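Take a look and give me a structure for this.
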Amino acid sequence: MADYYFGVEIEVRVKPHKIRNPLSEKHALYYEKLAAALRNRGLKATADDLTGGYGKHPEHYDKWWITKDGSLGNPEALMHKEGRITDSEPPVPMEAVSPVLSCRQDWEGEIDTFWTAMRVVFHMPERSTRCGSHIHLSRGWGKTFSLPQLKTIAFGIAIYEPLIVSLLMANRANNDYCKLNTENSSQLRQCGSDTWAIARLIKSATNASMLKDIMQNDRYVLWNFANIVPGSSGTIEFRGGRCLRGEIRTKRWIAFTISLLHAFLSMDDLKHPHKVSITDWSPEGLYEAVKKCSRQLSMGDLIPNDYQVLNETERHDTTD
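Reported below is the predicted structural model:
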């Protein structure tokens, strides 16, 4: 079985079971409460004390890192903007960053334990369109894919993009924090829908930095290649995941993302730009390739049989 290393970033807005007012000044306290709940259940975890500036912290990639997220904004201001003015304290904005996990580990148990700890400290997170999830993928700790693999993945992302969008939640398909690569990238925009031109452009990259510049103008894209450059974490970041509120969908979107990337590598359409590998050019056709790869990765039981259940245009369950 192919092995992939990954990490998930979970954005939430949550209210504690026991509130110490003013809650808006106690965020660091509750970050530490969640970290302690994780440690009590055998997981390594550290909380941001909020005394320094915001930033990613590679020294924490071996543990859960509980921190803030700038994209969630000021909860109190957002409540006023959204017309939800109440006398109650606004929720705690938070990002939980997982340690680096491997497909060959018991990563599912790690996710289950995280949500058990979350429920001990907090109520169910809000359903919020401002919250999403990001999944980082690589071949190993601090190890990126080879340049040929990166090019294969990049080509798959570009040509299958219209179908990928159909597999996403509606509020993630047209989002300022995960814009389409072909629209964000000035170089890809010049290619339009010409698959041969896209293939020539991607093949022209002689290193990872050149490929990153081809795939995006900034990091707010559906597939972020910023970390493949030398000196970075080596990951490709998928930024199109839904707002996560429990273990079932967390595992579902991790499995979907890994299986989709595995499909790009397995199909290797860059070798034949004139013809795509899927026999049915439709969301169903691409999703069939994803499901096939999920079974190869022993993740077939984690994603729904129908992509409309994945993106919740049809609800066949009541999980959050």
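
drop to CA atoms for contacts and neighbour counts, all remaining ones
OK.

tally of neighbours for Pro22?
Residues near Pro22, counting by other Cα atoms under 10 Å, number 10.

err, Trp223, not the other one
When counting by other Cα under 10 Å, one arrives at 24 neighbours for Trp223.

Next, it: phi, psi?
Summarising the backbone geometry of Trp223 under the convention degrees, to the nearest 10, its torsions are phi -120, psi 110.

Please report the distance of it from Lys291.
Computed as Cα to Cα, to the nearest Å, the Trp223 to Lys291 distance reads 20 Å.

Buried ones in the helix or strand containing Ala263, by neighbour count?
Secondary structure assigned from DSSP states H and E places Ala263 in helix 247-267. For helix 247-267, the neighbour count (16 or more other Cα atoms under 10 Å) marks 247-265, 267 as buried.

List the contacts of the following helix or strand past it.
Proceeding C-terminally, helix 247-267 gives way to helix 283-296 as the next helix or strand, assigned by DSSP H and E. The list of residues contacting helix 283-296 from outside it, by Cα atoms under 8 Å, 6 or more residues apart in numbering, reads 1, 163-164, 166-167, 255-256, 258-260, 262-263, 278-280, 300-301, 303, 305, 307.

repeat that for 7 Å
Counting by Cα atoms under 7 Å, 6 or more residues apart in numbering, the neighbours of helix 283-296 from elsewhere in the structure are 1, 163, 166-167, 255, 259-260, 262-263, 278-279, 300, 307.

buried set for it?
Burial within helix 283-296, assessed by neighbour count using 16+ other Cα under 10 Å, is assigned to 283-284, 286-294.

Assign a three-state SS to Glu11, would you?
strand (DSSP: H, G, I helix; E, B strand; the rest coil).

Bridge partners for it, pull those for me.
Listed beta-bridge partners, Glu11: Glu95 (assigned using DSSP bridges).

Which member of the contacts of helix 283-296 is positioned nearest Asp106?
Of all those, Ala255 has the smallest distance to Asp106: 13.3 Å, by Cα to Cα.

how far away is the closest one from Pro148?
For Ala255, the distance to Pro148 equals 23 Å [Cα to Cα].

Tabulate the contacts of helix 283-296 in a markdown table, adding columns for pLDDT and distance to Tyr30.
Formatted as a markdown table, the entries for those read as follows, by pLDDT from 0 to 100; distance: Cα to Cα, whole Å:
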| residue | pLDDT | distance to Tyr30 |
| --- | --- | --- |
| Met1 | 58 | 39 |
| Leu163 | 98 | 40 |
| Ser166 | 97 | 37 |
| Leu167 | 97 | 35 |
| Ala255 | 98 | 29 |
| Ser259 | 98 | 34 |
| Leu260 | 98 | 35 |
| His262 | 98 | 37 |
| Ala263 | 98 | 40 |
| Ile278 | 97 | 47 |
| Thr279 | 93 | 50 |
| Gly300 | 97 | 36 |
| Tyr307 | 97 | 36 |
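
Alright, I will stop here.
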